[in-house]
Structures are given as structure tokens and as C-alpha cells.
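Trainee: sequence? don't have it. structure:
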């Protein structure tokens, strides 16, 4: 492989994507991050939006790595997520992308209580899961790679605040599959830096899997908020194994 290109295009400069852009800018990378608006608050932002089956964009960074970090709400039907992704894959190719990495979700795995890794069989059990499957297939077919991210925590997404006082439609004994924003950013860069030897798919999930009751009790106690309640207390151990990516030299460093 030739010289590693320190150039990055991030599709979807939202909570995760913008943090990724800022992280790489601090490392003196050339960075462009996309959003739908033509008005930009940051110099690195560029418009990218699908209108009438045409991809409108302001990207001009050739020979860059591409990371699709469109936030979960962009997977709603009206967002044209799949069509936008497929048009972006074509655009990446014309701009001589070094590689295309999709930030997917561990929601692609079945809801049944068992341990899942990258080799586990996947069958669609709902519309959201099918959208994830379709997106992954498109990226893999185009020669890209996929990171399946667990539930994200980090700055402005503190669990002790966003669940405080709520009733959660789940079991108190269900285990959590979470990962910190900075670990995700580090995982993304690890895969880019080891592109030639990296597997097509990796889970990115912190190895700690406490029960929801214990996890949210601790987090709410830290912020002095009221812990959530649950609709069930049955035992549910659906664990996503995120250890495979460690073979690339990656280590989980941030608590969930």
C-alpha cells in the first residue's frame, strides 16, 4: 500500500460525525463533513442532499477516506437514506476514495437473548433492521467495510440524564450494549489505518455488559437524577461481542 492519505470525507456531520471531523482536524487531516444545509457554521462543512434523485453536493476532496456517519434518524423512510447512500458510493468512486466505511448499528442483530458476533446469522425481523441490512449490503458490494456500533454515549449523551424518570419498555435485567463516542472514533481510524488487512465487518461494543437496572442506577446516582423504571424484570442476556476489532491493535479505553 502507498502513502496513507490523511484526508477524510464524513457523510453526516451530526453528533458522531462532527466529533470525528474535529478529532481528525486536530491531527492535521484535510476534512470535509456533510449536512443538508447550504449554510455552514464550520469551515469544514459541505452540503450533500438528495433532491429529485440527484445528489447535490459541495465535496471536492479527492483521494480521501469516506465514512458514512449519518445519524439514526436519517434511516427514516422520508430521509431517502438508502438512495442517498447509494448515490454517495458512486460519488466516492468518481472522487477516487481510498475506502468507504459505513457506521451501522448492532440493531442489525436479532432481538433474541444470545451472544452475537460478526459471524452470527442475521434475519430481518422489522423495517428498521431491513434498512440496516440493505445499507450494509450496498457498502460491502462496493468494496467498503462496516462498523456495527452499540448504543452511543459521550458528551451531551449521558445515560444518567436521557433516561432519568422515564419508564423503559424493556427488562431491568436486560444487559446493556454501549460504547463511548471516542472509542468509536478510535475504532474508525484503526480500520482506516489497517484497511488492507481489516475484516469487512466489526462490532464496536464496550466489553462491559451490566444489567440496565444496575447501569442506569449508577448513572442516575452520579447526576442526582431519578432512575428509570422498567416494564419487566425477566432475565434477558443479549450480548454483542465487540472483541474482534482488537486484533487490529484497537483497545476500548473509555468507560460507558
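Mentor: Nice, thanks for sending it over. Computed from a predicted structure; not experimentally measured.
Trainee: the nearest residue to residue 219 once chain neighbours are set aside and residue 39, how far apart?
Mentor: Distances taken as CB to CB, 6 or more residues apart in numbering put residue 160 closest to residue 219, at 3.4 Å, once the chain neighbours are dropped. (Each C-beta comes from the backbone N, C-alpha and C, glycine too.) Separation of residue 160 from residue 39 (CB to CB, to the nearest Å): 34 Å.
Trainee: look at these two and report which has more neighbours.
Mentor: residue 160 (19 against 7; other CB atoms under 10 Å).
Trainee: the more buried one and residue 223: what is the separation?
Mentor: Residue 160 is 4 Å from residue 223, by CB to CB.
Trainee: now swap in residue 103 and tell me
Mentor: Distance from residue 103 to residue 223, by CB to CB: 27 Å.
Trainee: so residue 129 is in contact with residue 108, correct?
Mentor: Yes - the criterion here is CB atoms under 8 Å, and residue 129 meets it with residue 108 at 6.1 Å.
Trainee: out of these two, which sits in the more crowded spot?
Mentor: residue 108 (23 against 18).
Trainee: who has more neighbours, residue 103 and residue 223?
Mentor: When neighbours are counted by other CB under 10 Å, residue 103 and residue 223 differ, and residue 103 comes out ahead with 25 against 12.
Trainee: checking the more buried one next. Helix, strand or coil?
Mentor: Each residue gets one of three states, and residue 103 gets strand by DSSP: H, G, I helix; E, B strand; the rest coil.
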